[in-house]
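In: pasting the structure only:
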């Protein structure tokens with residue numbers, strides 16, 4: 001198992017560094033450090049999502065007994081993927097760092113922000129996403145590998161398949177980063193993200209409750225009363241951020257498909273108050289995790 005853990009610790013940061021170097025070095029690309037970092041982080045997230053979803057499908061489809069059947073890939077992939085969540089906290093910070101460096105603020109060019117202040121701002125702005133990653137490593141990992149005692153591999157496989165929505169999320173972030181909100185690709189990708197996130201994340205735990213109800217021959221509404229309290233608590237804690245993020249996706253989708261966009265806002269004239277210009281120029285960039293609650297942004301992104 002330690003070998004698998006070490007392999008994951010090398011694979012995800014290594015893929016990030018390799019992708020970044022290729023994007024910067026290829027003659028046809030020659031991307032800047034900032035662009036290479038941001039796109040490489042999205043690429044690694046998409047690769048991890050494809051691997052997790054594939055592993056989840058293999059596990060779930062091979063388990064006839066949803067409680068007792070086991071598959072070797074379950075614990076193996078959990079061990080392999082744990083380093084990804086640690087790496088991704090760093091990758092999100094690097095994306096945030098480069099975004100605030102290129103905003104063109106007068107303050108940013110005159111007085112560079114210290115690393116500690118940027119880190120504090122990052123943790124405050126990305127608190128929910130960082131907390132999600134920390135919980136995945138410190139709570140979900142030991143529960144999935146040790147506490148389950150080899151039972152419920154089917155449920156673990158289905159939860160892996162929640163990552164199906166991640167590639168469209170990453171593509172949406174890249175399209176927004178390069179101001180491609182007006183394209184058909186962005187709209188199609190936004191619709192795909194909305195559908196996959198709803199099916200694979202919002203409906204995830206209701207589906208698992210339904211499957212267990214069929215297995216135990218009890219009505220769906222009786223399942224929460226039949227399983228241990230800590231299972232209900234864990235499901236609720238994991239479900240809550242998904243509902244929050246899905247609400248942000250829905251708001252972004254509404255803005256996208258109703259045509260509400262910054263591009264439709266009249267350009268600011270030179271007579272605008274200097275105080276307002278300063279506030280606009282120093283506005284914080286899009287969150288590193290892609291979520292935004294600002295009503296004027298035509299974003300449709302998530303983790």
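Out: Received it, and whenever you're ready, just let me know what you need. Computed from a predicted structure; not experimentally measured.
In: Report the next helix or strand after the helix or strand bottoming out on mean pLDDT in the chain in sequence order.
Out: Least confident helix or strand of the chain, by mean pLDDT, DSSP states H and E, is helix 106-110 with a mean of 40. Going down the chain from helix 106-110, the next helix or strand is helix 115-125, by DSSP states H and E.
In: buried set for that following helix?
Out: 118, 122, 125 (16 or more other C-beta atoms under 10 Å). Glycine gets a C-beta too; all of them are placed from N, C-alpha and C.
In: Now do residue 21 against residue 161, distance only.
Out: Going from residue 21 to residue 161 by C-beta to C-beta, to the nearest Å gives 32 Å.
In: Might one say that residue 82 is in contact with residue 5?
Out: Yes. Contact criterion C-beta atoms under 8 Å: residue 82 and residue 5 qualify, at 6.6 Å.
In: The stretch 1-150 of the chain: helices as residue ranges?
Out: 2-25, 33-62, 72-101, 106-110, 115-125, 127-135, 141-142 (DSSP state H, counting those that start in this stretch).
In: and of those, who's closest to residue 208?
Out: The closest of these to residue 208 is helix 33-62. By C-beta to C-beta, the value is 10.7 Å.
In: quick one: stretch 47-59 to chain centroid distance?
Out: Here stretch 47-59 is found 15 Å from its chain centre; the criterion is C-alpha atoms, centre = their mean, to the nearest Å.
In: what residues does that stretch touch?
Out: 12, 15, 71, 73-74, 77, 81, 84, 153-154, 156-167, 170 (C-beta atoms under 8 Å, 6 or more residues apart in numbering).
In: Quick check: which ranges of the stretch 101-250 of the chain have low pLDDT?
Out: Judged by pLDDT under 70, the stretch 101-250 of the chain has its weakly predicted residues at 102-113.
In: ok, back up a step: compare neighbour counts for residue 82 and residue 5 and give me the winner.
Out: A count of neighbours by other C-beta atoms under 10 Å puts residue 82 above the other of residue 82 and residue 5, at 21 against 14.
In: what's the closest non-adjacent residue to that one?
Out: Nearest non-adjacent residue to residue 82, counting by C-beta to C-beta, 6 or more residues apart in numbering: residue 141, 5.2 Å away.
In: Same question for residue 218.
Out: residue 226 (5.8 Å).
In: Residue 192 now?
Out: residue 168 (4.8 Å).
In: isn't that neighbour right up against residue 189?
Out: Yes. Between residue 168 and residue 189 there is a contact under C-beta under 8 Å: 5.3 Å.
In: shared neighbours of these two, which are they?
Out: In terms of C-beta under 8 Å, 6+ apart, residue 168 and residue 189 are not both contacted by any residue.
In: ok, residue 19 - contacts?
Out: Contacts here follow C-beta under 8 Å, 6+ apart; on that basis residue 19 touches 36, 39-40, 43-44.
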